[in-house]
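Peer 1: Output the structure for:
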Amino acid sequence: MRRLRNVKIVATLGPASSTYEMIRALHEAGADVFRLNMSHGTHDEIAEKHKIIRQVEEDLGSTIGILADLQGPKLRVGVFANDGEMLEIGAAFRLDLDPAKGDNARVSLPHPEIFAALEPGKHLLVNDGKIRLRVTECGPDFANCVVIAGGLISDRKGVNVPDVELPLAALSKKDRSDLEFAAELGVDWMALSFVQRAADVEEARELIKGRAAVLSKIEKPNAVERFDEILAVSDGIMVARGDLGVELPVQNVPPIQKRLVRKCRAAAKPVIVATQMLESMIESPMPTRAEVSDVATAIYEGADAVMLSAESAAGSFPIEAVTTMDNVAVEVEMDPTYTQIIEASRSGSTRASVADGIVAAAREISETTDIKAIACFTQSGMTALLTARERPRVPIIALTSQIGTARRLALSWGCNCVLAGRLDRFKMAVVSAVRAARDEGFASKEDQIVVTAGVPFNVTGSTNILRVAPCDESLIYPADPE
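Peer 2: As a prediction, the model looks like this:
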């Protein structure tokens, strides 16, 4: 299913989007990748959604990516005798390991690892940062605090510890179970929550064993500080602005977002900008102008994908939310300023490999001659990712014999994935590419495309040849290199 845009849309599935009819409608409206939130729903419910997505994919002859998002370690307070209490600014409040029900002076925090890492002067944030506590005194089983920002604290609200590296296991017991289930189910991407260090990603990668690509969610200050090392061991990145905006001053988030997006692009790794993009559309069929501007900003920055969470999972207008995001993306990418910004931010780093040079040449040729598309043959997806990093003005047709590769590339900027049989001659690769360009509506018989491939064929990382090919097969003569 050809899109009229390059940026991709990720839609989260949930109670509002769990039927075949709704999932198909969301894909037809513009969703390229579906997110399965492992925090909600049983394994049976997740498996049913996965099955429906694959059925939609088969029925429409389209390539759809599936992302499983692991919950990660969740830190929560205990319960209150009165279900909750109002905390006043300046009041004293205690967190401890005592399981007794809480009151206006204390509540249980059943996480000894937090107390082990705390120091006086550190901060604890409760309920998405609405309540802020500063530690005045602490020990292995308690933390006495003063209320900096007050409000209602109630049962099992989440806790953030922004200025401390917590000695938490990268994957909880639930995460390990969910990871194995999702990998066996056949998801394409596995998203890791609350990553703090590269070792967290490497641990998950060992468990996944190549069954899915690994995407690291950046939502902790530690992850921002160590972003380069996390990016190096990740296949993709999600800028998860929800927790990031809780643990850091909100004004810090936009420049961090811009910086991370550029680093991902330079590394040729897909990046999603996520959280509260069209939040008002949970209850309204129309977004706010600020939300539209937020989506547009992520697209202008060059993000590979933008994501809907509750808007498509639990909102009243999931199709309208996807349609709005699609419309914004199309409009932004038609803006000449978009092209200027994207090309001005193109990486000027030295090309490190033959493949880097080939894809750069393909982009340059497409911009200086009448070329309709760049067709690249890719086994692992790397050539397509390198081509996408160039952000060419013409469409990218990624041809592969690997269905898993095609599905993973559904997350990457500009990649239109086409399944092709295994080839052993360059002439047949060119023929296959021009047929795909015509069949998918990217070119006519009178047009030309650029074809990149690797010889010998079916060898990962061997991209070493480029040809400008006519889309009239009768002009592809037998003397082509084999």
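Peer 1: Mind splitting the chain into its structural domains?
Peer 2: Per automatic domain parsing, the domain ranges recorded for the chain read 8-72+170-335, 84-160, 354-475.
Peer 1: Of those, give the one that comes closest to Glu343.
Peer 2: Among the domains of the chain, the nearest to Glu343 by C-beta to C-beta is domain 354-475 (7.2 Å). All C-beta atoms are positioned from the backbone trio N, CA, C, and that covers glycine.
Peer 1: distance between the closest one and the chain's centre?
Peer 2: 24 Å (C-alpha atoms, centre = their mean, to the nearest Å).
Peer 1: end-to-end on it?
Peer 2: 28 Å (C-alpha to C-alpha, to the nearest Å).
Peer 1: residues of stretch 170-185 that come out buried?
Peer 2: Residues Ala170, Leu171, Ser172, Asp175, Arg176, Asp178, Leu179, Ala182, Ala183, Leu185 are the ones in stretch 170-185 that count as buried (16 or more other C-beta atoms under 10 Å).
Peer 1: separation between the fifth one and His111?
Peer 2: Meaning Arg176. According to C-beta to C-beta, to the nearest Å, Arg176 and His111 sit 19 Å apart.
Peer 1: In contact with the residue most central in space within the chain, which residues?
Peer 2: Centroid-nearest residue in the chain, with C-alpha atoms, centre = their mean: Ile272, separated by 3.5 Å. Taking C-beta atoms under 8 Å, 6 or more residues apart in numbering, we find Ile272 in contact with Val10, Leu215, Gly236, Ile237, Met238, Val239, Ala303, Asp304, Ala305, Val306, Met307, Leu411.
Peer 1: Was I right to think the fifth one contacts Ile230?
Peer 2: No: at 11.5 Å, Met238 and Ile230 do not qualify as touching, with contact defined as C-beta atoms under 8 Å.
Peer 1: for the stretch 201-350 of the chain, which spans come out with low pLDDT?
Peer 2: 347-350 (pLDDT under 70).
Peer 1: got the residue ranges for the strands in it?
Peer 2: Here the stretch 201-350 of the chain has its strands, by DSSP state E, counting those that start in this stretch, at 213-218, 236-240, 271-274, 305-308.
Peer 1: Which of those strands sits closest to Glu45?
Peer 2: So among the strands of the stretch 201-350 of the chain, strand 305-308 is nearest, using C-beta to C-beta, at 19.2 Å.
Peer 1: Neighbouring strands of the closest one in the sheet, and parallel or not?
Peer 2: For strand 305-308, the paired strands and their directions (DSSP bridges) are strand 8-13 (parallel), strand 271-274 (parallel).
Peer 1: which one of those lies closest to Met286?
Peer 2: Among the strands paired with strand 305-308, strand 8-13 comes nearest to Met286, with 18.0 Å by C-beta to C-beta.
Peer 1: Report the inter-axis angle for that closest one versus strand 236-240.
Peer 2: Per axes from the mean of the first three to the mean of the last three C-alpha atoms, to 10 degrees, the angle that strand 8-13 makes with strand 236-240 is 60 degrees.
Peer 1: Grab the CA positions of strand 8-13 and hand them over as PDB.
Peer 2: Only the C-alpha atoms of strand 8-13 are listed here, as PDB (Å, rounded to 0.1, in the frame of the first residue of the first chain):
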ATOM      1  CA  LYS A   8       5.900   6.400   9.000                       C
ATOM      2  CA  ILE A   9       3.000   6.200  11.500                       C
ATOM      3  CA  VAL A  10       3.000   3.800  14.500                       C
ATOM      4  CA  ALA A  11      -0.500   3.100  16.000                       C
ATOM      5  CA  THR A  12      -0.900   1.400  19.400                       C
ATOM      6  CA  LEU A  13      -3.700  -1.200  19.600                       C
END
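Peer 1: average pLDDT for it?
Peer 2: Averaging pLDDT along strand 8-13 yields 98.
Peer 1: Quick one: distance of it to the chain centre.
Peer 2: Relative to its chain's centre, strand 8-13 lies at 9 Å (C-alpha atoms, centre = their mean).
Peer 1: Next secondary structure element downstream of it?
Peer 2: Scanning forward in sequence from strand 8-13 by DSSP states H and E, the next helix or strand is helix 20-29.
Peer 1: could you give the angle of that following helix to strand 8-13?
Peer 2: Using the same axes, to 10 degrees: helix 20-29 against strand 8-13 is 160 degrees.
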